[in-house]
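J.: coords below, sequence missing:
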RNA sequence: GCGCCGGUCGGAUAGCGGCUAUUCCAGGAGACUGUAAAUCUCCGGCCCUUUGGGCAUCACUGGUUCGAGUCCAGUUCGGCGCA
């Protein structure tokens, strides 16, 4: 993997660039679509390609449990297995330490609403995940069987899955965890990062697969900076910024971190993807994003438009003969009305998920492309202002 | 005409004489940020001084009872059977 910066904005953080992988280039900034189990839910790879996605991110935990990494390796790795010939990423399974442990809490907290900042120690519940210095022991969500991940094991599995860009094994913490716990988890993540890196470098796969280290530190500036210094000093090919955030504060956190990370390597903001966050992330030096939001909310009937999100299940759309977004050029918008999409959702037709996912992914992927273009043309600030004022 | 069975929210249902009349679907709305998610949460009779409180309600009328959706009688509507 190689990374080139083609243009930097005068703010010193934002940049336009290109990541070269063995399976093609990614023009950055870019939104990477999520295909957790080796499929972007409800879509064929042809549809994913046609809507403009440049790369797909799959998940180590899920593919390990089913169908198992040996199948992936035998079939010709992730690209062949899922018939996607473009660049691929895999997450290390570190997010599942959080999502399986803490439950349905979001990793993005809305402190303004909840009013609470972590006093109690929120640690991953012992139910599905147990953490120790060496790694984690977890139960399969499929059959309850017991399994163990260590940094070395996660990387080994990611080698077999064979994505172009893989991530170090980390621990994603809850935004409501105490600072004490954030420190403890962050330091452990740093040790795991070094072990991930050592294992990776000792294997042949490191010649074709790139390994990104992950910065943690929760909502705390001092921790974010410390994590960026330590992870940034390690010989990773690029970096992921992970963990939990305050909704109002994502871009600040990103800025703190990116001022410290080495400039010449790509930075991926893990699991973030609301329109406002894309602007904020890019402005603060992010090169790639991934996020489940576009596809998940699409399946649940929420659709992006230039004028904000709509819920297509609302009664007002039953007889609305307009498109989802009059200015959108996606397959869905060029062929179908809101009334039709509304009908598909109300009658629980599978096509609803497909058409909605195509639209939402196109909207987000294309938004990042538009942002990139605005940077190339030196019009970032103006584009950001006009988009956000209209959207929110 | 006779006999039997039944009538509980828009639909389908649960409900021993006592507690806030249950659940599912349909309906209304909201949420979702490295996917345990085609998921989850809330609302759904009327009224008020609405973080709560009050009054209703089980086809209709009457009765028994301290107390009735539940028991009894009549009425009515529907289903089935027999003439």
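T.: Sure thing, it's come through. Being a predicted model, the structure only gives us computed values, none of them experimental. Numbers count the residues shown, from 1 in each chain, chains lettered A, B, ... in the order given.
J.: what does stretch A:364-379 rub up against?
T.: A:7, A:9, A:14, A:16, A:27-31, A:33, A:51-54, A:273, A:275, A:278-279, A:282, A:289, A:291, A:293-294, A:304, A:329-330, A:380, A:382-384, A:387 (C-beta atoms under 8 Å, 6 or more residues apart in numbering). In short, each C-beta sits where N, CA and C put it, glycine included.
J.: near RNA strand B, which of the residues you listed show up?
T.: Filtering the contacts of stretch A:364-379 for proximity to RNA strand B by C-beta under 7 Å from any atom of the strand leaves A:273, A:291, A:293.
J.: got a markdown table for those residues, with distance to residue A:136 too?
T.: A markdown table is the format used below for those (distance: C-beta to C-beta, whole Å):
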| residue | distance to residue A:136 |
| --- | --- |
| A:273 | 26 |
| A:291 | 24 |
| A:293 | 26 |
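J.: CSV for those, including secondary structure, distance to residue A:38 and neighbour count?
T.: Converted to CSV, these look like this (DSSP: H, G, I helix; E, B strand; the rest coil; distance: C-beta to C-beta, whole Å; neighbours: other C-beta atoms under 10 Å):
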residue, secondary structure, distance to residue A:38, neighbour count
A:273, coil, 20, 21
A:291, coil, 18, 21
A:293, helix, 20, 18
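J.: Give me the subset of the contacts of stretch A:364-379 that lies in strands.
T.: Residues of the contacts of stretch A:364-379 located in strands (DSSP state E): A:7, A:16, A:27-28, A:30-31, A:33, A:289.
J.: Pick out the most distant pair among the residues you listed.
T.: Distance extremes for the ones in strands among the contacts of stretch A:364-379: the farthest pair is A:7 and A:33 at 24.6 Å, using C-beta to C-beta.
J.: Comparing these two, which residue is more hemmed in?
T.: residue A:33 (26 against 12; other C-beta atoms under 10 Å).
J.: How many neighbouring residues does residue A:333 have?
T.: When neighbours are counted by other C-beta under 10 Å, residue A:333 comes out with 24.
J.: again, but for residue A:366
T.: Residue A:366 has 16 neighbouring residues, counting by other C-beta under 10 Å.
J.: how about it, secondary structure?
T.: helix (DSSP: H, G, I helix; E, B strand; the rest coil).
J.: now the helices: where do they sit in the stretch 201-350 of chain A?
T.: For the stretch 201-350 of chain A, helices defined by DSSP state H, counting those that start in this stretch occupy the ranges A:221-233, A:250-258, A:275-283, A:293-299, A:331-335, A:338-346, A:350-376.
J.: What lies in contact with the shortest one?
T.: Put plainly, it is helix A:331-335. A:47, A:50-51, A:323-326, A:341, A:355-356, A:358-359, A:362.
J.: re the thing from before, could I get the ones next to RNA strand B among the contacts of stretch A:364-379 as a markdown table with distance to residue A:255 and pLDDT?
T.: Shown next, in a markdown table, are those (distance: C-beta to C-beta, whole Å; pLDDT from 0 to 100):
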| residue | distance to residue A:255 | pLDDT |
| --- | --- | --- |
| A:273 | 18 | 95 |
| A:291 | 19 | 98 |
| A:293 | 22 | 98 |
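J.: ok, back up a step: can you select the buried ones among the contacts of stretch A:364-379 for me in ChimeraX?
T.: In ChimeraX, a selection of the buried entries from the contacts of stretch A:364-379 looks like this (16 or more other C-beta atoms under 10 Å):
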select /A:9,14,16,28,29,30,31,33,51,52,53,54,273,275,278,279,282,289,291,293,294,304,330,380,383,384,387
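J.: Is it possible to get JSON lines of the ones in strands among the contacts of stretch A:364-379 that adds pLDDT?
T.: Output for the ones in strands among the contacts of stretch A:364-379, formatted as JSON lines (pLDDT from 0 to 100):
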{"residue": "A:7", "pLDDT": "97"}
{"residue": "A:16", "pLDDT": "98"}
{"residue": "A:27", "pLDDT": "98"}
{"residue": "A:28", "pLDDT": "98"}
{"residue": "A:30", "pLDDT": "98"}
{"residue": "A:31", "pLDDT": "98"}
{"residue": "A:33", "pLDDT": "98"}
{"residue": "A:289", "pLDDT": "98"}
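J.: Go through the helices of the stretch 201-350 of chain A and name the closest to residue A:202.
T.: Per C-beta to C-beta, nearest to residue A:202 of those: helix A:221-233, 19.4 Å.
J.: Pull the residues that contact that closest one.
T.: Contacts of helix A:221-233 (C-beta under 8 Å, 6+ apart): A:179, A:182-183, A:186, A:189-190, A:193, A:213-218, A:239, A:252-253, A:256-262.
J.: What is the burial count for residue A:191?
T.: Residues within reach of residue A:191, counting by other C-beta under 10 Å, total 13.
J.: my read is it is in a helix, agree?
T.: Yes. Per three-state DSSP, residue A:191 lies within a helix segment.
J.: residue contacts, it?
T.: Neighbours of residue A:191 in contact, by C-beta under 8 Å, 6+ apart: residue A:133.
J.: and the gap between it and residue A:157?
T.: In this structure, residue A:191 and residue A:157 are 19 Å apart, going by C-beta to C-beta, to the nearest Å.
J.: out of the ones next to RNA strand B among the contacts of stretch A:364-379, who's nearest RNA strand B?
T.: residue A:293 (4.0 Å; C-beta to the nearest atom of the strand).
J.: Break chain A into its domains for me.
T.: A:2-291, A:309-392 (automatic domain parsing).
J.: for residue A:300, phi and psi?
T.: Main-chain dihedrals, residue A:300, degrees, to the nearest 10: phi -100, psi 10.
J.: An error on my part: the question was meant for residue A:149.
T.: Torsion angles, degrees, to the nearest 10, at residue A:149: phi -110, psi 140.
J.: in the stretch 51-200 of chain A, what residue is nearest RNA strand B?
T.: Counting by C-beta to the nearest atom of the strand, the stretch 51-200 of chain A gets nearest to RNA strand B through residue A:172 (2.2 Å).
J.: so that residue is in which element?
T.: Following DSSP states H and E, there is no helix or strand that holds residue A:172.
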